[in-house]
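Enquirer: heads up, no residue letters with this:
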């Protein structure tokens, strides 16, 4: 018997000459493997996202298959007529020989300046005899720019008053371009029109964010809407909004008039009209809380636009006909000591409150309480006290 063995790429052929029988035997031809790419991660990919791919390979002969992944960064992965991809880097950004392939979606191409718009992935599969899958696996993964993050806030107040400045804040971040690359535009929409606001200050509370501030001075009553748009370099270079890279948010501010202050809580509780409050020991009469748009009590030192309530105390002494102002008392409390009076004496202690407008109290002096407005909000309170 005489024979020969030839190895040809992708083909096994063994020719055996059997002299006794005069017949030929040919070993089966090696078949090419097939391969495909399955994307395990989200279909929407942003710069910096982790992409997970899996090779789905098959060999008809049951041979082991060797894999070779390559990942190319591209601004545009569309192939040219000759099959080349001029919008991709020549050299792969990464490669692997495992069945699972993971990589971080790049932000820029190899030049470090051109933003990545897609990743082109190739997958070659070769069996142990050198037969290669035709075609191999390839996949174009669109990579989107991460839009800026944006969080809006305003100076917290009980309410917002016409012509009083309102500080506004925008916390901005951008995971792939950095917060410093983001442009921020402010627009205030009033009941009668709109106006642009300029960023007045910038701070950096952490490495990943900037906090920008501006001020709205609402010149009219009603609902104001402040709209903020944060735009990163990708969106600025794009002719339309298809490439993303911009985030818009709004906040609403209801602007009203400066309402009069309201007595909130006080101690001790006043007796019902016509009754007296007996005291037998030194007692502190005090206002604990006053609610007001701009001049509350206690004061809020964190907001420079806010003031505090003004208090006016007066005393109608026992048997007196004229109420005496306690001009030396400017705070929210007055102490009465029954030891300074005769047992059974009755005095009236009164407090009236004023905001920055100092609107006069319109009620008659004989009225123990008074409200400037039509609601139950009080600007005057009187204690009728009996000394014991």
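Expert: Looks like it arrived, so ask away. None of the values given here were measured: they were computed from a predicted structure.
Enquirer: how about the residue nearest in space to the middle of the chain: what's its closest non-neighbour residue?
Expert: For the chain, the residue nearest the mean C-alpha position is residue 151 (3.1 Å; CA atoms, centre = their mean). Of all residues not flanking residue 151 in the chain, residue 171 sits nearest, at 4.4 Å (CB to CB, 6 or more residues apart in numbering). Where C-beta positions appear, they are placed from N, C-alpha and C, glycine not excepted.
Enquirer: quick check: beta-bridge partners of that neighbour?
Expert: Residue 171 has the following beta-bridge partners by DSSP bridges: residue 151, residue 211.
Enquirer: I figured it hits residue 205, correct?
Expert: Yes. Using CB atoms under 8 Å, residue 171 is in contact with residue 205, at 7.4 Å.
Enquirer: in a strand, residue 125, correct?
Expert: Yes. Assigned with DSSP: H, G, I helix; E, B strand; the rest coil, residue 125 falls within a strand.
Enquirer: residue 64 is in contact with that one, correct?
Expert: No. The criterion here is CB under 8 Å, and residue 125 misses it with residue 64 at 10.5 Å.
Enquirer: neighbour count for these two, which is higher?
Expert: Taking neighbours as other CB atoms under 10 Å, residue 125 and residue 64 compare with residue 125 leading, 24 against 10.
Enquirer: what's the pLDDT at the more buried one?
Expert: In this model, residue 125 is scored at 96, pLDDT.
Enquirer: now do the SS call for residue 287.
Expert: Of the three states, residue 287 takes strand under three-state DSSP.
Enquirer: so it versus residue 329, what's the distance?
Expert: Residue 287 sits 12 Å away from residue 329, going by CB to CB, to the nearest Å.
Enquirer: overlap of the contact sets of these two?
Expert: residue 311 (CB atoms under 8 Å, 6 or more residues apart in numbering).
Enquirer: need the pLDDT of the spatially closest residue to residue 259 that is not a sequence neighbour.
Expert: Spatial nearest neighbour of residue 259, chain neighbours left out: residue 293 (5.7 Å); criterion: CB to CB, 6+ apart. pLDDT, residue 293: 94.
Enquirer: what pairs with residue 66 across the strands?
Expert: residue 126.
Enquirer: right, and it touches residue 129 too?
Expert: No. Between residue 66 and residue 129 there is no contact under CB under 8 Å: 11.1 Å.
Enquirer: identify the residues contacting residue 77.
Expert: Residues in contact with residue 77 (CB under 8 Å, 6+ apart) are 85, 87, 88, 117, 118, 119, 120, 140.
Enquirer: tabulate those (a markdown table), appending distance to residue 40 and secondary structure.
Expert: A markdown table is the format used below for these (distance: CB to CB, whole Å; DSSP: H, G, I helix; E, B strand; the rest coil):
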| residue | distance to residue 40 | secondary structure |
| --- | --- | --- |
| 85 | 24 | coil |
| 87 | 26 | coil |
| 88 | 23 | strand |
| 117 | 22 | coil |
| 118 | 18 | strand |
| 119 | 15 | strand |
| 120 | 18 | strand |
| 140 | 17 | strand |
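Enquirer: picking up where we left off before, tell me which of residue 287 and residue 329 has more neighbours.
Expert: residue 287 (21 against 16).
Enquirer: my guess is the more buried one meets residue 353, correct?
Expert: Yes. Using CB under 8 Å, residue 287 is in contact with residue 353, at 7.2 Å.
Enquirer: show me the common contact partners of those two, please.
Expert: In terms of CB under 8 Å, 6+ apart, residue 287 and residue 353 are both contacted by the residues 263, 297, 309, 311.
Enquirer: can you pull the contacts of residue 189?
Expert: For residue 189, the contact set (CB under 8 Å, 6+ apart) comprises 224, 225, 226, 227.
Enquirer: try it again with 10 Å
Expert: Residue 189 sits next to 195, 223, 224, 225, 226, 227, 250, 252 when contact means CB atoms under 10 Å, 6 or more residues apart in numbering.
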